[in-house]
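K.L.:
Model the following, please.
(4 chains)
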4 protein chains.
Amino acid sequence: MTITAAVSGASGYAGGEVLRLLANHPEVEIGAITAHSSAGRRLGELQPHLLSLAGRGIVETTAENLAGHDVVFLALPHGASAEVAAALPEGTLVIDAGADHRLEDPEAWFRFYQSEHAGTWPYGLPELPLADGSKQRGRLVGARRIAVPGCYPTSALLALTPGFTAGLLEADDVVIVSASGTSGAGKAAKPHLLGSEVMGSMSPYGVGGGHRHTPEIEQGLSNAAGERVTVSFTPTLAPMSRGILTTATARVREGVTAAQLREAWESAYAGEAFVHVLPTGQWPATQMVVGSNSAALQLAFDPHAGRVIVSSVIDNLTKGTAGGAVQSMNIALGLPEGTGLNQLGVAP
Amino acid sequence: MTITAAVSGASGYAGGEVLRLLANHPEVEIGAITAHSSAGRRLGELQPHLLSLAGRGIVETTAENLAGHDVVFLALPHGASAEVAAALPEGTLVIDAGADHRLEDPEAWFRFYQSEHAGTWPYGLPELPLADGSKQRGRLVGARRIAVPGCYPTSALLALTPGFTAGLLEADDVVIVSASGTSGAGKAAKPHLLGSEVMGSMSPYGVGGGHRHTPEIEQGLSNAAGERVTVSFTPTLAPMSRGILTTATARVREGVTAAQLREAWESAYAGEAFVHVLPTGQWPATQMVVGSNSAALQLAFDPHAGRVIVSSVIDNLTKGTAGGAVQSMNIALGLPEGTGLNQLGVAP
Amino acid sequence: MTITAAVSGASGYAGGEVLRLLANHPEVEIGAITAHSSAGRRLGELQPHLLSLAGRGIVETTAENLAGHDVVFLALPHGASAEVAAALPEGTLVIDAGADHRLEDPEAWFRFYQSEHAGTWPYGLPELPLADGSKQRGRLVGARRIAVPGCYPTSALLALTPGFTAGLLEADDVVIVSASGTSGAGKAAKPHLLGSEVMGSMSPYGVGGGHRHTPEIEQGLSNAAGERVTVSFTPTLAPMSRGILTTATARVREGVTAAQLREAWESAYAGEAFVHVLPTGQWPATQMVVGSNSAALQLAFDPHAGRVIVSSVIDNLTKGTAGGAVQSMNIALGLPEGTGLNQLGVAP
Amino acid sequence: MTITAAVSGASGYAGGEVLRLLANHPEVEIGAITAHSSAGRRLGELQPHLLSLAGRGIVETTAENLAGHDVVFLALPHGASAEVAAALPEGTLVIDAGADHRLEDPEAWFRFYQSEHAGTWPYGLPELPLADGSKQRGRLVGARRIAVPGCYPTSALLALTPGFTAGLLEADDVVIVSASGTSGAGKAAKPHLLGSEVMGSMSPYGVGGGHRHTPEIEQGLSNAAGERVTVSFTPTLAPMSRGILTTATARVREGVTAAQLREAWESAYAGEAFVHVLPTGQWPATQMVVGSNSAALQLAFDPHAGRVIVSSVIDNLTKGTAGGAVQSMNIALGLPEGTGLNQLGVAP
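P.N.:
Below is the predicted model:
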């Protein structure tokens, strides 16, 4: 079986990571590679690490150039996906790594993105526990439109969902602080993202509830809880290229024990190839998962504060974007879910 | 006026930073430089950046060697300070950069340090707002024993205290997540602190309420609030040598406005040379304060979550340890408070 | 075809990287995993990124434990390989990632390693151009003992050998300066390798001709040149976990042109999957090859100084150690040379 | 004595560092702060670490705004200094941190900068040994125009000049490889300088003799040697914000001994407060000098290669730019040379 795939947004970090994974995917043949201002250049000029694809040319991102492939990956600025997707045949698998089709609530979309909602697609986070005891992957089988989760929501939802589906957590006061590598901020050359500025420095941004991933996290947790979950989310920028460490904490319901908490998380992810609840006493580090599609988690119950604290790590570009996209593609097309994906991080 | 100063623990990061600051202090003459296993070596072998002191010899940490100076800085493992301090004259200013004399509650000490409490000394955080409207610096004037705060408590208390002294925050659900540079973990060669392990990686530790700075943070906030404050504190290790970014969040009392919050913080630190509430819209970064004695803060009110989020940055070794120690010394001895200290970070 | 492989030295960085690559190798089944002081522990405690192998136990490094596999990888301190290898059957493929069997000259061995020479094995650098116009890979086909090159020699020999086999360079004054990530210094916890010490810092070591990779570089270049090549080699430590950037420069023979130089390098590596001479104007960066088995090169002729300068980058742990080992295994056993190896670096 | 100083180019890294040092200089009052596109903004928006100057306004860089100060620091793009300087009174001390007035040879200037030569000013490297046995500082006393050396030349000339003034080195084959922190590349937002690109990565640039600091290094060494010195210079970019490590190597004249070499370097810098030849066996690291005006050196003789290898470290922004500028100012105006400057690096 050979699947042909087109990749848009190929000059950015998300598009580059999709290409890196597809180049290593045994069933995929990479077709059109598209971008906007970089059209006409060789891929090697923009993504020098994609050595085996260096000579490939970049064409303009248009529906014409993307059509005629089995799968189309969209790694476009938000607001740009809907039009492209509408012009592609319904039978083409379209996987949107952007934000356009993640939110269910048009009002939340408008509040955070100031534009009209483009509709909701199945959410590409296969391991997500659902309120009915099943997993999200069931909704991806045979899908032809998939919305890849944001990188912070991937880490936050994997961290906290098991506690909500199991009914162990209070819904009204979740606090999440995440530290992300700079690739999450994209490849546009902005002064505050210069190496000189970020090396040796940690800084917060989007503080106070304004980050666009906040409603996406609340949506996922609310669906799991069966009630409205309120989240205080603070992202920070860390001096590393890749990786997200999320510290997620929620108040534990009266009477819940540490053993119940551990059991909820362990059973939620039992048998998952890419989500690892670490043995007691071992804490995750982002380095463990760099370049891989894995997430690693650990949790602790702090009875003094009445909170469970869950630490989760992912690679924001792999599990948090391109890996989740390829995993979702595998499921949608009936391939073994882990095809072309790596469980093991590049460490140290 | 020339003050003679002895520095113990000179082979470690805290001791090295005390020496760096004292070498630049116009009123101080550095006397005995002491350590334990490094006694007998030249300082330049252990602290190669202290170029002007490179030829100075290190002697054994004993009360005899430390005696006869106006000031003695202790940068020793916890549990070691009390005995040394007891052997020094009452008129000698002893400044303990370790934990031994910070906690007021012997039970909390025992629970977190598993040893007998050595007594409480005035707390060396001059800018700390007190419940009575004064500042902590008043308690340091003329003092001859001073306990320098821990690095995390320095950043956390500067971040949240103004809200508690002003009565704007709920006491029962403070959540703090801090990211620290690796120098906070000391100079002992442990595998998980190797450069290969920490570069490109974020990781949590001491999760679930177990970190020894937790009771110190709760003590400070409780004193400010006039009631028991409960804190969930999670420290994380960031890929940088120096700096702490603290994200501190507390629930805001019913009816409190953003303007009230801003006013509380701005008035608390008005006129402070080393604590800077940044203009609205500007967020702190640890790089701003590297090598300096400054703290920089910003806050945001998230009405959706009902929380205020305060970001604070310090250099863990300077304001968080040695700078706080020298600043306290200046106050205790009647020197201008900022003598020998730098307001400006070394950036980029 | 399933190949069984044992890996010794599994607690270190080289052994960990061999395991990472073997876990992704479709034809290999990992058998014994051995170490010395870590015997009896789970692999996950020591190599937390090897998530799919976390539960595997570590046994003692003995010939008994290593026997009975098709391939044995040795990642041991120098001096330890010979005895283990001698106890393994001649038909077992033994691949030594250590230094013991790289040097041809017993005197050079003694001068740099102060011990008796253990004999010379075929050199596991398949792409190395030889004086007779062939490549080193021919000597690995069917081999049962292979010495993997050192990481610096891999980068230096790939950089300069084409100029010597083509007769374009003077033999008497080669100057090489390399910058290596800290993983090249191993996992032993030494103070100068702490994250606090290496982040934000570059430092030289082994200056003045004393580094043990010097005779190995001279050996390779001398074989290529057909005369004694003299090298001044200076290694430096860079603030990154992985990667080597080598700046290698030699005086160009009278009358040689830039075009001849370029032609020599391009023809030497034409068709190689893992050694890439970049298009003119593009310079390598270590990030391009992190986690991959690729080397990337660029060269410039400086007629003013009469020198060619070649920049080469590799991942010291992959192409420089474990990747070279697996590539050599593939050749020795008749597998496609690139099986289980990645051409594309994990960037950014 | 209060000296008034104006600083142009205040939005960049060089200008920011000049301001940082002047803010700590006891005899200087900072007057006009100028820039080009940032005129009209507060300094705190552009240089957030300059906390005590945050409220100062930035005005346009014009001769009018710069006039009326005792000292004017120019940190402008090359080609912009001459016109501004010409419009300032002869009695004003003008210190150019840019390249315009460093080179003595108009042809070399034209070849590397493609513009007309603006004339040569006294070279602001006080510790530089001269061929006549004196030091460069003698030429700065009372000067009213000073050209601050480039950052790479500062490190390279301090490293090698003692060997040439002592007549110990061959002039025809110097090889220099330097690794610089990214602040040396300036604050303009270019994609290859993004944190995501530079963290975990080393890369060369300007290879093959094209870097503009090459003729400046050759000029300094040639003056020292009394004959034309030829240099192969390769700069590389290292994953750190500040610091330069230079590895400089030259062939040693027949019969010269290691003791003669050591004696030449030690005597050249005996008594210098800011240039430190380290004790035998200790190698420099850039971290030792971060934020300070110090250089640290070590040398080794490699008799096998016939070369001396000198390692030198500086902070490119301090000793390599702004520190050298302030030190030169102190000399020109008759202040103690080290006023306002720090000998000790901020480490770890």
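
K.L.:
May I see the buried residues of the longest helix along chain A?
P.N.:
Counting by DSSP state H, the longest helix found in chain A is helix A:151-165. Residues A:151-165 are the ones in helix A:151-165 that count as buried (16 or more other C-beta atoms under 10 Å in any protein chain shown). Where C-beta positions appear, they are placed from N, C-alpha and C, glycine not excepted.

K.L.:
Now do the SS call for the one residue in the stretch 51-200 of chain A that gets nearest to chain C.
P.N.:
Here the stretch 51-200 of chain A gets closest to chain C at one residue, residue A:52, 4.7 Å apart by C-beta to the nearest C-beta. Three-state assignment for residue A:52 (DSSP: H, G, I helix; E, B strand; the rest coil): helix.

K.L.:
who are the neighbours in contact with the closest residue to it other than its chain neighbours?
P.N.:
Excluding the flanking residues, the one nearest residue A:52 by C-beta to C-beta, 6 or more residues apart in numbering or on different chains is residue C:343, at 4.7 Å. The contact partners of residue C:343, taken as C-beta atoms under 8 Å, 6 or more residues apart in numbering or on different chains, are A:23, A:51-52, C:273-274, C:292-294.

K.L.:
Quickly note the distance from residue C:343 to residue C:124.
P.N.:
18 Å (C-beta to C-beta, to the nearest Å).

K.L.:
Also residue A:198?
P.N.:
38 Å.

K.L.:
cool, and residue A:40?
P.N.:
Residue A:40 is 42 Å from residue C:124, by C-beta to C-beta.

K.L.:
Just want to know which of those two has more residues nearby.
P.N.:
residue C:124 (29 against 10; other C-beta atoms under 10 Å in any protein chain shown).

K.L.:
so the more buried one touches residue C:145, yeah?
P.N.:
No - with contacts defined as C-beta atoms under 8 Å, residue C:124 does not count as touching residue C:145, sitting 10.1 Å away.

K.L.:
where exactly do the strands run in the stretch 151-300 of chain A?
P.N.:
Taking DSSP state E, counting those that start in this stretch as the criterion, the stretch 151-300 of chain A carries its strands at A:174-180, A:203-204, A:231-237, A:244-251, A:275-277, A:295-302.

K.L.:
Do the fourth one and chain C come into contact?
P.N.:
No - looking at strand A:244-251 against chain C by C-beta under 8 Å from any C-beta of the partner chain, there are no contacts, and the closest approach is 14.0 Å.

K.L.:
for the first one, same thing?
P.N.:
No - no part of strand A:174-180 sits near chain C under the criterion C-beta under 8 Å from any C-beta; the closest distance found is 13.1 Å.

K.L.:
okay, the angle between that strand and strand B:231-237?
P.N.:
10 degrees (axes from the mean of the first three to the mean of the last three C-alpha atoms, to 10 degrees).

K.L.:
before we move on, back to that, right, and the residue of the stretch 51-200 of chain A closest to chain C touches residue C:344 too?
P.N.:
Yes - the criterion here is C-beta under 8 Å, and residue A:52 meets it with residue C:344 at 6.3 Å.

K.L.:
Tell me the confidence at the closest residue to residue A:215 other than its chain neighbours?
P.N.:
Excluding the flanking residues, the one nearest residue A:215 by C-beta to C-beta, 6+ apart is residue A:108, at 4.1 Å. For residue A:108, the model assigns a pLDDT of 94.

K.L.:
same question, residue A:160
P.N.:
98.

K.L.:
Check residue A:82 too.
P.N.:
Confidence score, pLDDT, at residue A:82: 89.

K.L.:
element containing it, please.
P.N.:
helix A:81-86 (DSSP states H and E).

K.L.:
Does that helix pack against any helices or strands, and if so which?
P.N.:
Packing partners of helix A:81-86 (3 or more C-beta pairs under 8 Å, 6 or more residues apart in numbering or on different chains; DSSP states H and E): strand A:71-74, strand A:93-96.

K.L.:
Could you give me the buried positions within it?
P.N.:
Across helix A:81-86, burial judged by 16+ other C-beta under 10 Å covers A:81-82, A:84-85.

K.L.:
okay, now the residue lying closest to residue A:115 once chain neighbours are set aside: neighbour count?
P.N.:
If the residues on either side of it in the chain are set aside, residue A:115 comes closest to residue A:79, at 5.6 Å by C-beta to C-beta, 6+ apart. By other C-beta under 10 Å, 15 other residues sit near residue A:79.

K.L.:
And for residue A:297?
P.N.:
A count of nearby residues for residue A:297, using other C-beta under 10 Å, gives 26.

K.L.:
Tell me what it is bridged to.
P.N.:
Beta-bridge pairing of residue A:297 under DSSP bridges involves residue A:277, residue A:312.

K.L.:
how far away is it from chain D?
P.N.:
According to C-beta to the nearest C-beta, to the nearest Å, residue A:297 stands 25 Å off from chain D.

K.L.:
Who are the contact partners of that residue?
P.N.:
Residue A:297 makes contacts with A:158-159, A:265, A:269, A:275-278, A:284, A:310-313, as judged by C-beta under 8 Å, 6+ apart.

K.L.:
what's the span of stretch A:126-137 from first residue to last?
P.N.:
One end of stretch A:126-137 sits 4 Å from the other (C-alpha to C-alpha, to the nearest Å).

K.L.:
And for stretch A:116-126?
P.N.:
End-to-end distance of stretch A:116-126 (C-alpha to C-alpha): 27 Å.
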